[in-house]
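Student: sequence unavailable; structure follows:
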Ligand SMILES: *Cc1c(COP(=O)(O)O)cnc(C)c1O
């Protein structure tokens, strides 16, 4: 393809893209196939992909490919473009910043937008206590730094993570992550002083929040000991692990135990953050105030940025120069974050997440009523999942899940799977998707399930 072709055929992204599902070739079309062949030859095969297309534009609730197909986006690039792809405010802020300066390194010559992002995060995260923030490039890097900060503050070393947890792909975050395939297998040895506690998984354990918390706390006390424990890290709703919503009271009891035992409670809100669950942060939906919160994904409309935000006395425990990184809080990413946070607030996207969630939950519950292969429908806001099971035994049905997801993609719906057992389809549409598009996508999901 020549540069001229690209200019003529590639639409600009953003909300003005036609909001429609349009299939003009089979998926993948010829141009996408060409790119996938180049990918196979040039890109390490460890880097997989879900939808076999060449993306050329995206916005509102669609992703357009190089063959002219328009797919409905129910994944937001894994909960990243919650504010909408190529959101006009983000585009404008990025264009202005990139023309001004692209990098100084905040640790060399500080600039205003980094400070403004820290101020915004300190303001919008749960709790009115004094807070501070530090910025990084990726979710995994934020998690690593939250653990560093908690260790420095407490003078202790152990960290507890939970069954089904996902915290990233670097060495320490692989250790914190539960699932071996594909995240860890063959990549060890992993960081030490990481321990795992049982989660609250109401669909599978049937425990109340209090009982599940007591079970976890016993494991923590007996196998680790509060005297050795720097931090407990948990996703308020497990993301990659299967959109597992803990039973009521579970998180609150864990927070209370941490506070009583001098343990830093870290909420990993990298997937749940930024209006996704119907509040700016999921912690607010559960009524908890974490000591530290890690954020990334939805923070900057698709630009790479991540943060640790938390109690000022914990954040300030580290010696000057102990935190940082060359690119952390890049000015272009910070400009995008400020524009995104402005859009989340001024467009009340948390309320929109709840409306989207109502549509998703109602439609999926209706499907479940007539199809016992849907074992559970759960989630908060626009973070909703269906767990597929063998109706006789309740055993996870990963094969059915993969078949449905594949059929959806072939019909122009980008859906993502997740779950320790690979038997969950998760719905994470951009919060700018319209109801018509959302319902059309769910029609396709229903048809794919019926045909499977
Ligand atoms: C995606 C994710 C991470 C890792 O973020 P990266 O930016 O991919 O490093 C960590 N924690 C949670 C909960 C995530 O969903």
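Tutor: Noted; the coordinates are in hand. Keep in mind that what you see is a predicted model, and the values were worked out from it rather than measured.

Student: residues in contact with the longest helix that the chain contains?
Tutor: The longest helix of the chain (DSSP state H) is helix 349-370. Contacting residues not belonging to helix 349-370 are listed as 82-83, 275-280, 343-344, 374, 377, 379-384, 386, 427, 429, 431-433, 435, 438-439, 442, 445-446, 449 [C-beta atoms under 8 Å, 6 or more residues apart in numbering]. C-beta here means a position set from N, CA and C on the backbone, and glycine is covered the same way.

Student: of the residues you listed, which ones also sit close to the ligand?
Tutor: Counting by C-beta under 6 Å from any ligand atom, nothing from those sits close to the ligand.

Student: the residues you listed in strands, which ones?
Tutor: Of the positions in those, 374, 377, 379-380, 383-384, 386, 427 sit in strands, assigned by DSSP state E.

Student: need those residues in a markdown table with neighbour count and pLDDT, can you?
Tutor: Output for those, formatted as a markdown table (neighbours: other C-beta atoms under 10 Å; pLDDT from 0 to 100):
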| residue | neighbour count | pLDDT |
| --- | --- | --- |
| 374 | 20 | 98 |
| 377 | 21 | 98 |
| 379 | 24 | 98 |
| 380 | 22 | 98 |
| 383 | 27 | 98 |
| 384 | 26 | 98 |
| 386 | 28 | 98 |
| 427 | 28 | 98 |
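
Student: identify, from those residues, the entry nearest to residue 322.
Tutor: Each of the ones in strands among the contacts of helix 349-370 was scored against residue 322 by C-beta to C-beta, and residue 383 proved nearest at 33.8 Å.

Student: the ligand contacts on the stretch 251-400 of the chain?
Tutor: So far as C-beta under 6 Å from any ligand atom goes, the stretch 251-400 of the chain lies against the ligand at 268, 270-271, 296-297.

Student: I'd like the residues you listed as TSV, with pLDDT, distance to residue 73 and secondary structure appended.
Tutor: Formatted as TSV, these follow (pLDDT from 0 to 100; distance: C-beta to C-beta, whole Å; DSSP: H, G, I helix; E, B strand; the rest coil):
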residue	pLDDT	distance to residue 73	secondary structure
268	99	24	strand
270	98	19	coil
271	98	16	coil
296	98	19	coil
297	98	15	helix
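
Student: look up how far residue 199 lies from the residue in the chain positioned nearest to the ligand.
Tutor: At 2.1 Å from the ligand, residue 139 is the closest residue in the chain, using C-beta to the nearest ligand atom. Distance of residue 139 to residue 199, given as C-beta to C-beta, to the nearest Å: 19 Å.

Student: ok, the residue nearest to residue 270 when sequence neighbours are not counted - how many residues close by?
Tutor: Using C-beta to C-beta, 6 or more residues apart in numbering and skipping residues adjacent in sequence, the residue nearest residue 270 is residue 139, 4.0 Å away. If you count neighbours by other C-beta atoms under 10 Å, residue 139 ends up with 29.

Student: same question for residue 284.
Tutor: Residue 284: 19 surrounding residues under other C-beta under 10 Å.

Student: which SSE is it in?
Tutor: helix 282-286 (DSSP states H and E).

Student: then residue 222?
Tutor: Per DSSP H and E: helix 209-223 holds residue 222.

Student: I'd assumed residue 198 was in contact with residue 207.
Tutor: No - with contact defined as C-beta atoms under 8 Å, residue 207 does not count as touching residue 198 (9.2 Å).
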